[in-house]
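Engineer: Dropping the sequence and predicted coords here.
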Amino acid sequence: MPLTSRALETADTDHYATLGLDRRCTTAQIRAAYRVLSKRHHPDVNPGSPEALAQMQALNAAHDTLCDPARRRAYDRDLDASTAPAKARERESAKIERNISHDARLRPEDFVRGAMIEVRVTDPANSNGTEIFQLEIPPGTAPGERFRLPRAEPFVGGTVTVRVKAAPGFRFKVSGSDARCDLRISPQRAKQGGSEMTQGITGGMLRVQIPPGVGRGAVLRISGEGLPKPRGGRGDLLVRITYRLDVRSSRASGR
């Protein structure tokens, strides 16, 4: 008999790991991860696949439980209670370290659009060889978010915790959920003002309104065109104005 959402809720499973999320995730992140993963594992996309059906049932159970505040609180209590004995045994034992932390660097546009990354763990203590994980980053992921990947034998019970950070780039510099870039304009534009176009973090062109007499180094803010924020929405794109001054020299008369 297939497991129902309620049956899966009390089974030995981790709904957060099913969705590839940390326990501190928001409801919006849960729904976004569910949408991405359900498209991949839906039985209509994988006809006749029992694995896809089982994965879809697990995704449905995770979504139904974690999106309901009361059920999520109850599930978290059960999860804490079920993991407490295991944690106590780990503290008392001298077994090999199971947990790993890793920082993954993403391009700024990956946080907005989503991305698929590969995580490879080479541990000399693992006789099975390199562990390879495929981690899907949902669209709208904020810098600093963490994803937990459950490890297999001989590290059952351990996790690879992946924190996503923005990779340093030539065009954009990231600070929190804000992105910074430079826009070079002509001295005439700086004097007269007007509009210029600059590239946004997802590749599209954005219009920047230049005030008359703008100074070099002035920062103009484009709201909502930065990276995703942890609680929803996006930060800002901060555009620093640069231009070349017209400086000339000549020989003084009479010399």
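Structural biologist: Happy to help now that I have it. On a predicted model such as this, the values are computed, not experimentally measured, just so you know. Residues are numbered from 1 along each chain as shown.
Engineer: mean confidence for stretch 237-244?
Structural biologist: Stretch 237-244 shows an average pLDDT of 96 in the prediction.
Engineer: Tell me the secondary structure of the residue nearest the centre of the chain, please.
Structural biologist: Among the residues of the chain, Thr141 comes closest to the average C-alpha position under C-alpha atoms, centre = their mean, at 3.4 Å. At Thr141 the chain is in coil, as set by DSSP: H, G, I helix; E, B strand; the rest coil.
Engineer: In three-state terms, label the residue lying closest to it once chain neighbours are set aside for me.
Structural biologist: Nearest residue to Thr141, sequence neighbours excluded (C-beta to C-beta, 6 or more residues apart in numbering): Phe111, at 5.3 Å. To be clear about C-beta, it is placed using only N, CA and C from the backbone, and glycine gets the same treatment. Phe111 falls in the helix class when you classify it by three-state DSSP.
Engineer: hey, where'd the strands end up in the stretch 1-150 of the chain?
Structural biologist: Per DSSP state E, counting those that start in this stretch, the stretch 1-150 of the chain carries strands over the ranges 100-106, 115-121, 131-137, 146-150.
Engineer: Same check on the stretch 151-255 of the chain?
Structural biologist: 159-166, 173-175, 178-184, 194-199, 205-210, 219-222, 237-242.
Engineer: Dump those into CSV; add distance to Arg107 as well.
Structural biologist: As requested, those are exported to CSV (distance: least, C-beta to C-beta, whole Å):
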stretch, distance to Arg107
strand 159-166, 8
strand 173-175, 10
strand 178-184, 11
strand 194-199, 13
strand 205-210, 18
strand 219-222, 19
strand 237-242, 15
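Engineer: May I see the ones you listed arranged in CSV, with distance to Thr130 and mean neighbour count as well?
Structural biologist: Formatted as CSV, the strands of the stretch 151-255 of the chain follow (distance: least, C-beta to C-beta, whole Å; neighbours: other C-beta atoms under 10 Å):
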stretch, distance to Thr130, mean neighbour count
strand 159-166, 12, 18
strand 173-175, 30, 17
strand 178-184, 34, 17
strand 194-199, 38, 14
strand 205-210, 42, 14
strand 219-222, 43, 14
strand 237-242, 39, 19
